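# only geometry, no sequence info:
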């Protein structure tokens, strides 16, 4: 995973979205987002890049859930999916997560399907 990725604990992620930590845990259980164990204390953390800051309110990238489902369907674990999302992809000219943030859902999903 890239060194420049900003990571947030579940409570920090929830605060960024204006939610309770339990709401974020529910989203993880429902497969809308994924968290991985990281850091000195082995806490559950999520990339801050999953959040799109908004003028009205910040929100999770709308196309993230479907992409995570596809990555799971091709056999990636949550840890592998997060790593794949964060690593630069030559075909995209950026990381798949950055491409999703820019609205490039189709190229990201084509690339994910090629993992089969």
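Ah, there it is. Note that the coordinates shown come from a computational prediction; the quantities given were computed from them, not determined experimentally. Numbers count the residues shown, from 1 in each chain.

# Now for the chain: which strand has the highest residue count?
In the chain, with assignment by DSSP state E, the single longest strand is strand 43-47.

# which of the residues in it are buried?
44-47 (16 or more other CB atoms under 10 Å). To be clear about C-beta, it is placed using only N, CA and C from the backbone, and glycine gets the same treatment.

# what's the closest of those to residue 9?
residue 45 (5.6 Å; CB to CB).

# partner residues bridging that closest one?
Residue 45 has these beta-bridge partners by DSSP bridges: residue 9, residue 36.

# Surely it is in contact with residue 11?
No: if you go by CB atoms under 8 Å, residue 45 and residue 11 don't touch, sitting 10.6 Å apart.

# which among the buried residues of strand 43-47 gets closest to residue 29?
Nearest member of these to residue 29, counting by CB to CB, is residue 44, at 11.9 Å.

# Contacts only, for the spatially most central residue of the chain.
Closest to where the C-alpha atoms of the chain average out (CA atoms, centre = their mean) is residue 50, at 4.6 Å. Residues counted as contacts of residue 50 (CB atoms under 8 Å, 6 or more residues apart in numbering) are 13, 33, 60-61, 64, 97.

# ok so, going back, quick one: common contacting residues for residue 45 and residue 11?
Common neighbours of residue 45 and residue 11 are not found (criterion: CB under 8 Å, 6+ apart).

# Kindly tell me how buried residue 20 is, as a neighbour count.
By other CB atoms under 10 Å, the residues close to residue 20 number 12.

# That one and residue 27: what is the separation?
Residue 20 sits 11 Å away from residue 27, going by CB to CB, to the nearest Å.

# For the two, list the residues in contact with both.
Counting by CB under 8 Å, 6+ apart, residue 20 and residue 27 have no contacts in common.

# what's the average pLDDT for stretch 79-95?
Stretch 79-95 shows a mean pLDDT of 97.

# Which residues in it does the neighbour count mark as buried?
For stretch 79-95, burial by neighbour count (16+ other CB under 10 Å) applies to 81-82, 84-86, 89, 92, 94-95.
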